[in-house]
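Novice: coords please:
(chains A and B)
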Amino acid sequence: MKCRKCGGKASINMRQHRLALCKEHYLEWIPEQTERFIKKYRMFTKDEKILVAVSGGKDSLALWDILTRLGYQADGLYLALGIDGGIDYSDESHRLTEEFAQANNLKLHVVNIEQEYGYSIPTLSLVSHRGHGKPCSVCGLAKRHEMNRIARDLGYDVLATGHNLDDEAAVLFGNTLHWSAEYLLRQGPVLPESDGLARKVKPLCRFYEREMTAYSIARGIEYIYDECPFAEGSQQIFYKEALNQLETARPGAKLTFYTRFLEARQSGNLFIEKDIEKAHLHPCPQCGQPTSTPDLCSFCRMIEKAKTG
Amino acid sequence: MTAKLILRNKEYEVKAGMSLLDALKKSNIVPESVIATRDGELITEDEILRNGDVIKLIAVISGGAR
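Specialist: Okay, here's the model as predicted:
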């Protein structure tokens, strides 16, 4: 397979875009596309101060790398959660994040949840009896709270997270399965600033998780490869696996699922009220059956077209 | 005439001469869920596996850390 830009040997093939690129051009393409999405969704400008939530994983470190390369003012925030899981998960992810910051001469804020509040995340989950024996909901809640607090306390204009399209599609899939209308209406690349809440953005939301993995490897970013020990068997991972099965059979399925959702949300067509559809129907001037298309109904148009060849 | 795929400490032996895509399917690995490297370099799914190749597969799904 050849790189579309230079004809050299391709390193990655993105079937949903029908685009194969060599390593060199892939490392250019990802930041270019990120910049495009930052502008498309009006996430932030070069004058604004960005706080990047970094976990030591591939997506957040790649995001920090990309924003810095694009010339944005991006500092990092690492939350030490106190998760061990037999693999020193938090310590290892902290080490990798610190190393990345030092190697790239970047400013990193570190907040230790246990030092700050007296409990690590797993302990907080036990003592607060939240999450049915798993600390994931406590962890999510604590992270959202702390990321917002630090962004506001330290005067950042915007908080950026490394959510990729697979993350977004999995959340969308779950919310659709449950018809969680309120959550569906809130999901998007930008959550605007409101009273007490910092603006939150997801600059990588249009990249597949596979693409971010490839970017981190090609760029030589050392990231924590192990999953969080508590994530095993999680619903979100199950949804991601299901969506990847779908993607393998139908390239572009995940991208379409997410982008069409964003378009529908943007245009206000996500939920159509009961009578609206009826109100737009009118009788086809040819057959008299109700149609929503202007002039002839789709069937009559098809017949007309067939007749005229 | 074989090649080896390695994913999270698990090894899969496949016939040399087949494409990476076919090798993944034969090993019941969802192609979309991995990135493949040979000698540290990314390779695409049409790559024909050679005798003695060791292909390191990197699982792309991570979760719970954000």
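Novice: is it true that B:Asp46 touches B:Ala23?
Specialist: No: counting by C-beta atoms under 8 Å, B:Asp46 does not reach B:Ala23; the two are 11.4 Å apart. No exception for glycine: its C-beta is placed from N, CA and C like everyone else's.
Novice: Can you pick out the residue with more neighbours from these two?
Specialist: Between B:Asp46 and B:Ala23, counted using other C-beta atoms under 10 Å in any protein chain shown, the more crowded position is B:Ala23 (27 against 13).
Novice: how about A:Ile87, what does it touch?
Specialist: Contacts for A:Ile87 were tallied using C-beta atoms under 8 Å, 6 or more residues apart in numbering or on different chains; they are A:226, A:229.
Novice: what do you get if the cut-off is 10 Å, keeping everything else the same?
Specialist: A:224, A:226-229 (C-beta atoms under 10 Å, 6 or more residues apart in numbering or on different chains).
Novice: do A:Gly7 as well
Specialist: Under the criterion of C-beta under 10 Å, 6+ apart, the neighbours of A:Gly7 are A:Cys22.
Novice: Repeat the analysis, applying 7 Å as the threshold.
Specialist: For A:Gly7, the contact set (C-beta atoms under 7 Å, 6 or more residues apart in numbering or on different chains) is empty.
Novice: need the strands for chain A, in chain order.
Specialist: Per DSSP state E, chain A carries strands over the ranges A:12-14, A:19-21, A:49-53, A:73-80, A:108-112, A:158-160, A:190-191, A:199-201, A:282-283, A:290-291.
Novice: swap in chain B?
Specialist: Counting by DSSP E, the strands of chain B are B:2-7, B:10-15, B:34-38, B:41-43, B:54-59.
Novice: Can you check the pLDDT for A:Asp226?
Specialist: Turning to A:Asp226, the model gives it a pLDDT of 82.
Novice: For A:Leu172, find the nearest of the strands of chain A.
Specialist: Smallest distance to A:Leu172 across those (C-beta to C-beta): 14.9 Å, for strand A:190-191.
Novice: gap between that closest one and the chain center?
Specialist: Distance of strand A:190-191 from the chain centroid (C-alpha atoms, centre = their mean, to the nearest Å) equals 11 Å.
Novice: related to what we said a few turns ago, please go through the contacts of A:Ile87 and note which also touch chain B.
Specialist: Of the residues in these, proximity to chain B by C-beta under 7 Å from any C-beta of the partner chain holds for A:227-228.
Novice: Got a PyMOL select line for the buried ones in the contacts of A:Ile87?
Specialist: To isolate the buried ones among these in PyMOL, judged by 16 or more other C-beta atoms under 10 Å in any protein chain shown, type:
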select buried, chain A and resi 224+226+227+228
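Novice: Would you convert the contacts of A:Ile87 into TSV that also reports distance to A:Ile303?
Specialist: Formatted as TSV, these follow (distance: C-beta to C-beta, whole Å):
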residue	distance to A:Ile303
A:Ile224	61
A:Asp226	61
A:Glu227	56
A:Cys228	58
A:Pro229	62
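Novice: What is the nearest of the contacts of A:Ile87 to chain B?
Specialist: Ranked by distance to chain B (C-beta to the nearest C-beta), the contacts of A:Ile87 are led by A:Cys228 at 3.3 Å.
Novice: how deep is A:Gly155 tucked in, by neighbour count?
Specialist: Around A:Gly155 there are 8 residues (other C-beta under 10 Å).
Novice: next one: the one 10 residues further on
Specialist: For A:Leu165, the neighbour count with other C-beta under 10 Å is 25.
Novice: looking at it, it is touching A:Arg210, isn't it?
Specialist: No: using C-beta atoms under 7 Å as the test, A:Leu165 is too far from A:Arg210 to be in contact (9.7 Å).
Novice: Which pLDDT value belongs to the nearest residue to A:Pro251 once chain neighbours are set aside?
Specialist: Spatial nearest neighbour of A:Pro251, excluding adjacent residues (C-beta to C-beta, 6 or more residues apart in numbering or on different chains): A:Arg15 at 3.7 Å. Note on A:Arg15: pLDDT of 95.
Novice: Could you measure from the closest residue to A:Asp157 other than its chain neighbours over to A:Tyr41?
Specialist: Distance criterion C-beta to C-beta, 6+ apart; nearest residue to A:Asp157, sequence neighbours excluded, is A:Glu48 at 3.9 Å. Distance, A:Glu48 to A:Tyr41, using C-beta to C-beta, to the nearest Å: 14 Å.
Novice: more crowded one of the two?
Specialist: A:Tyr41 (18 against 14).
Novice: Excluding chain neighbours, what is closest to that one?
Specialist: A:Tyr41's closest residue in space is A:Pro189 (C-beta to C-beta, 6+ apart), at 4.3 Å.
Novice: give the contact list for residue 49.
Specialist: As the question left the chain open, I've gone with chain A. Counted by C-beta under 7 Å, 6+ apart, A:Lys49 has contacts A:73, A:155-157.
Novice: Chain B, not that one
Specialist: With contact taken as C-beta under 7 Å, 6+ apart, B:Leu49 is in contact with B:3, B:14, B:16-18, B:20, B:23, B:55.
Novice: Now do the residue lying closest to A:Tyr119 once chain neighbours are set aside: how many residues are near it, please.
Specialist: The spatially closest residue to A:Tyr119, leaving aside those adjacent along the chain, is A:Val127, at 6.5 Å (C-beta to C-beta, 6+ apart). As a burial measure, A:Val127 scores 11 neighbours (other C-beta under 10 Å).
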